[in-house]
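*Asks:* Next one to model:
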Amino acid sequence: MPPQTSPEFHQVRGQASRTPTNGLDPRLEIPSLNALAVRSLGALFAEKERLFFRSLSQSPEGFRSGEISPRRTIIALLGLQRLGESGVNAPFDLPGMHEAILEDTDWVQSLGDLGLLTWFTALCKPERLRCVFNEFDFEKALKQYSDGREGQTRGLAWFLAGISHAQLTKPVVLPDLTDVAVDAFHLLQDNQGECGIFSHAAVPGFLQRSFCNRFGSFGDQIHAIYALTVFARAFHIEEPLASALNCGNAIRALQGEMGQWWSVYDRRACRVASCYPVLSLHQDGTAPAGLLALSEATGQSFHEAIFKGLSWITGSNELGQDIRNMEQTLIWDSVETKRKPLKYWGAVLSFMNVPYKPDARSLQIRYEVRPDHFGWLLYAFARFGSPPKTLAAKAP
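*Replies:* From the prediction side, this is the model:
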């Protein structure tokens, strides 16, 4: 079972409204969210493997954990790194976890995986960057991996973000990354429509091209925004910021009345193609991480949109329910349709230019938690409001 609410968590909740947030609305209860993230990660930790489980789901028989996931562990470690930089001691053996990721890189099977590994190494173990560049051929990576050849937006974004963070470490022993970074940027830019929305990929084949070139997930949008922003900073180029800002303004204009960051977007029509599932990971994690980075780079505020997204988590949503479970100190995965076919029906109707939005009675909470959710939450917010200096989060 996940850990129960600790005294530290109650202390953090009480301090939330008094914590400065550098311009963010004080009602965000950022320290409370950070504490929830750390406690939830404790429930997802596989001590023997020194990695996080892929997920933890609730069933009538209790909680069930999935297999371990190096990819989702890396995202969690990126958030915990930000937490450590804010002065908080995370209750994990971080050096041991870092070594578990770097000692066996067979899990790297895509361009996005390579980008995440580079990103993680640059921020958490910069002295090991040279080993990563010796092990992998970055010059050929865009053609070596299928998500690079297909021009998948998220894979390109993670790869570009990884290279950019490596560049920001300014190591003298690493190869010149400029050409491959610019190539990845151009491929990413090719997926962006005139209104700012990114498609999922640029793949061959008529049927695939019709859908993948037209529709993109929220993850495609926000990861592209973050990658373009850090690329601009690392290589001192202004052009990527215009693309990132164009997308940021587009998704803000399409945000739901209750702060929902919707599931799928139509690049051609610049509208929402499919509403659900609405992922908590986006509401309090990736969206704040990407939009805060964009705000800092451009001076344009997205704080109101971020606050609306967080209010959705705390109960201002279509179900009128708090997505947080305070008793077990968890934040549930998403709000989804009860019938899976409905998840795809919206995209099909949008392709036919017919708007569709399911009724609230057809929706439910998905009772699952994922480590990458809490990694993105900490990556976005750890520096804005930290829980106590030490926070016990070991799972039973």
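*Asks:* What ranges in the stretch 101-250 of the chain fall below the confidence cut-off?
*Replies:* The stretch 101-250 of the chain contains residues with pLDDT under 70 at 172, 204-210.
*Asks:* give me that answer again for 80
*Replies:* In the predicted model of the stretch 101-250 of the chain, residues 170-173, 203-211 satisfy pLDDT under 80.
*Asks:* Can you identify each of the helices in it by residue range?
*Replies:* Assigned by DSSP state H, counting those that start in this stretch, the stretch 101-250 of the chain shows helices spanning 111-124, 129-135, 141-144, 146-149, 153-168, 178-190, 206-212, 218-235, 239-253.
*Asks:* a markdown table for those, including distance to residue 317 and mean neighbour count?
*Replies:* From N, CA and C alone the C-beta is placed, and that goes for glycine too. Shown next, in a markdown table, are the helices of the stretch 101-250 of the chain (distance: least, CB to CB, whole Å; neighbours: other CB atoms under 10 Å):
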| stretch | distance to residue 317 | mean neighbour count |
| --- | --- | --- |
| helix 111-124 | 30 | 24 |
| helix 129-135 | 41 | 15 |
| helix 141-144 | 40 | 16 |
| helix 146-149 | 32 | 19 |
| helix 153-168 | 25 | 27 |
| helix 178-190 | 32 | 18 |
| helix 206-212 | 28 | 13 |
| helix 218-235 | 16 | 25 |
| helix 239-253 | 18 | 20 |
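*Asks:* So which residues of this protein form strands?
*Replies:* With DSSP state E as the criterion, the chain has strands at 45-46, 51-52, 56-59, 62-65, 215-217, 264-266, 271-274, 278-279, 324-325, 330-331, 334-337, 363-366, 368-369.
*Asks:* any chance of the ones you listed in a markdown table, plus distance to residue 247 and mean neighbour count?
*Replies:* Compiled in a markdown table, the strands of the chain are given as follows (distance: least, CB to CB, whole Å; neighbours: other CB under 10 Å):
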| stretch | distance to residue 247 | mean neighbour count |
| --- | --- | --- |
| strand 45-46 | 34 | 20 |
| strand 51-52 | 30 | 28 |
| strand 56-59 | 32 | 16 |
| strand 62-65 | 35 | 13 |
| strand 215-217 | 10 | 23 |
| strand 264-266 | 10 | 24 |
| strand 271-274 | 14 | 23 |
| strand 278-279 | 18 | 25 |
| strand 324-325 | 29 | 20 |
| strand 330-331 | 26 | 25 |
| strand 334-337 | 22 | 22 |
| strand 363-366 | 27 | 17 |
| strand 368-369 | 28 | 23 |
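*Asks:* I appreciate the help and will end here.
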